[in-house]
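Trainee: Got a sequence here, can you build the structure:
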Amino acid sequence: MKAKYLATAFTLTTLAAHAAIMDADQRGIKYLNERLTLNPYVALSYTYDSNVDSSKHSKAGSQWIVNPGLNGSYKDDNWKVDGAVWYQYHAYNRYTSQLNESSYGERLSIDWQNANANEQGWALKFMESFQQIAQDDDMSEHNGRGIGRDRKQFQFDGILTRRINQQLHAGLTANYYYLDYDNNVNKYARMYGWKRLSVGGEVGFMASKWSDIIVAADYQWYNQDNDSDSNYHTYGASSRGRRIDSDSRGFSVMGGIATHATEKLSYRALAGWSRFEYGNGTKDIDGWTYNVSGRWQIDAENTMSLMLLGSSYYQPSEREYGSALKVYTLSSGFAKSLVRNKLKATFDLAYRKETHEYTEYSEDDYDEDIITARFGLVYDVNRVLSVYGRVEYQTEETSSGGPRSHEYDYDRWRGTVGVRMTY
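Mentor: Residues are numbered from 1 along each chain as shown. Below you'll find the predicted structure:
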């Protein structure tokens, strides 16, 4: 494997849109007066990959994936709980000694509220996930991070909101993110994982039946695995060899509008100012950032939906030592149910841009543009058996005035066919 890796975020817009269509699915084992539903499944798929290394000098390959798992949900008057556990074994037809690996993970989300929408009361949302991801992960799953490297990811999100009266509401938020790369330096160049803790809050005022005015702020602490620069640099800053402090911090203040435009259309659009103090004062960076999301349930039968997600933020670089990034993302997902809800089509498109706002070494001062597109079909043969296919394409372009310009450029596409049995 060549030591060229990608750190990108591919949002789960298609999965969310697909889930909206699947809400009416009656599969599963029912318990507790049908409040609890369990969905065990097993899937087998084959993927052709035009560029196994995600590199400029591409080599094609293919893989088989065996994927058993269990999804579950619980609903009552105040609670909604969703969870899953899964396992994947990846068997590659190229690089079998390096790439035949296992992935596994779990996720859990809990929603609780003691009042109806827009009524006085409390609401709590909790989400967490853990993933051990094999180095041959695809271009869209697992947030698309760290292609070419085994790693662990853990994420926690908590949101507590209070509807004070019909017009005024407030909330507290907490987020923790952990990324740990398997840095076998005998095989690859080093990647720099990191941890982030964020706490914040927001206040909203219901200006009309369908719109809120929102003011939000948060504060973040970062800690990165950059005790030493173990990558090789041929030239760069005069401060070569200087250790960059592992700790960084930042904050953001945003304002905008949110809530429901209609009963079928929801949105949230915030923009404001962010500051990132990289490396415990090595470099202070600030600028405008944004956070937008929206969902449109297009038809009355809930068979067609469209989603949009976007954000910008600062973070440490995972590929280059002593570098801080500003990241811009924008993605859209579309889902449509056809043939009496037996055939489901999904399409999503994502764009990500990374700019190096600070670099310890001048050759690392480059920008990345990453575009990913995916189209998928799922056909339910019967209550238990589904067949599916997916085509994915990704392109990356790096640009700068230095030697990194176009160094990481590549094009990659994948084609997948599979079968899934769900009880």
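
Trainee: only C-alpha atoms for contact and neighbour calcs from this point on.
Mentor: Fine.

Trainee: pLDDT (mean, whole number) over stretch 174-194?
Mentor: Averaged over stretch 174-194, pLDDT sits at 82.

Trainee: buried residues in that stretch?
Mentor: Buried positions in stretch 174-194, judged by neighbour count with 16 or more other Cα atoms under 10 Å: 174-181, 183, 188-194.

Trainee: Just to be sure, which of those are found in strands?
Mentor: Members of these lying in strands (criterion: DSSP state E): 174-181, 194.

Trainee: And the furthest pair within those?
Mentor: Longest distance between any two of these is 23.9 Å, between 174 and 181; criterion Cα to Cα.

Trainee: before we move on, the earlier item: including distance to residue 252, could the ones in strands among the buried residues of stretch 174-194 go into a markdown table?
Mentor: Listed next are these as a markdown table, based on distance: Cα to Cα, whole Å:
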| residue | distance to residue 252 |
| --- | --- |
| 174 | 14 |
| 175 | 14 |
| 176 | 16 |
| 177 | 17 |
| 178 | 20 |
| 179 | 22 |
| 180 | 25 |
| 181 | 28 |
| 194 | 19 |
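
Trainee: pLDDT below threshold where in this protein?
Mentor: In the prediction, the chain carries residues with pLDDT under 70 at positions 1-26, 94-100, 135-148, 185-188, 227-242, 401-402.

Trainee: and residue 31, how many neighbours does it have?
Mentor: Using other Cα atoms under 10 Å, the number of residues around residue 31 comes to 11.

Trainee: Might one say that it is in contact with residue 37?
Mentor: Yes - counting by Cα atoms under 8 Å, residue 37 is a contact partner of residue 31 at 6.4 Å.

Trainee: end-to-end on stretch 54-64?
Mentor: Stretch 54-64 has its terminal residues 18 Å apart, counting by Cα to Cα, to the nearest Å.

Trainee: Return the distance of it from the chain's centre.
Mentor: Relative to its chain's centre, stretch 54-64 lies at 23 Å (Cα atoms, centre = their mean, to the nearest Å).

Trainee: Now do the contacts for residue 276.
Mentor: Neighbouring residues of residue 276 by Cα atoms under 8 Å, 6 or more residues apart in numbering: 248-251, 284-286, 314-315.

Trainee: Now for those residues: which two are most distant?
Mentor: 248 and 286 (13.3 Å).

Trainee: distance of residue 418 from residue 345?
Mentor: Going from residue 418 to residue 345 by Cα to Cα gives 15 Å.

Trainee: now do residue 69
Mentor: Distance, residue 69 to residue 345, by Cα to Cα: 22 Å.

Trainee: again with residue 385
Mentor: Counting by Cα to Cα, the separation of residue 385 from residue 345 is 17 Å.

Trainee: And residue 37, by the same measure?
Mentor: According to Cα to Cα, residue 37 stands 25 Å off from residue 345.

Trainee: In contact with the residue lying closest to residue 85 once chain neighbours are set aside, which residues are there?
Mentor: Nearest non-adjacent residue to residue 85, counting by Cα to Cα, 6 or more residues apart in numbering: residue 106, 4.3 Å away. Residues in contact with residue 106 (Cα under 8 Å, 6+ apart) are 83-86, 129-131.

Trainee: and what of residue 167?
Mentor: Contact partners of residue 167, counting by Cα under 8 Å, 6+ apart, are 205-207.

Trainee: do that again at 6 Å, thanks
Mentor: In this structure, residue 167 makes contact with 205-206, judged by Cα atoms under 6 Å, 6 or more residues apart in numbering.

Trainee: can you check residue 181 too?
Mentor: Residue 181 is in contact with 151, 193, counting by Cα under 6 Å, 6+ apart.

Trainee: quick revisit: compare residue 385 and residue 345 (neighbour count), which wins?
Mentor: Higher neighbour count among residue 385 and residue 345: residue 345, with 20 against 15, using other Cα under 10 Å.

Trainee: Show me the contacts of residue 276 that map onto helices.
Mentor: Among those, none falls in helices (DSSP state H).

Trainee: Just send those residues back as a markdown table, with neighbour count and distance to residue 263 too.
Mentor: Shown next, in a markdown table, are these (neighbours: other Cα atoms under 10 Å; distance: Cα to Cα, whole Å):
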| residue | neighbour count | distance to residue 263 |
| --- | --- | --- |
| 248 | 23 | 42 |
| 249 | 22 | 39 |
| 250 | 21 | 36 |
| 251 | 19 | 33 |
| 284 | 17 | 43 |
| 285 | 18 | 40 |
| 286 | 17 | 37 |
| 314 | 26 | 34 |
| 315 | 21 | 36 |
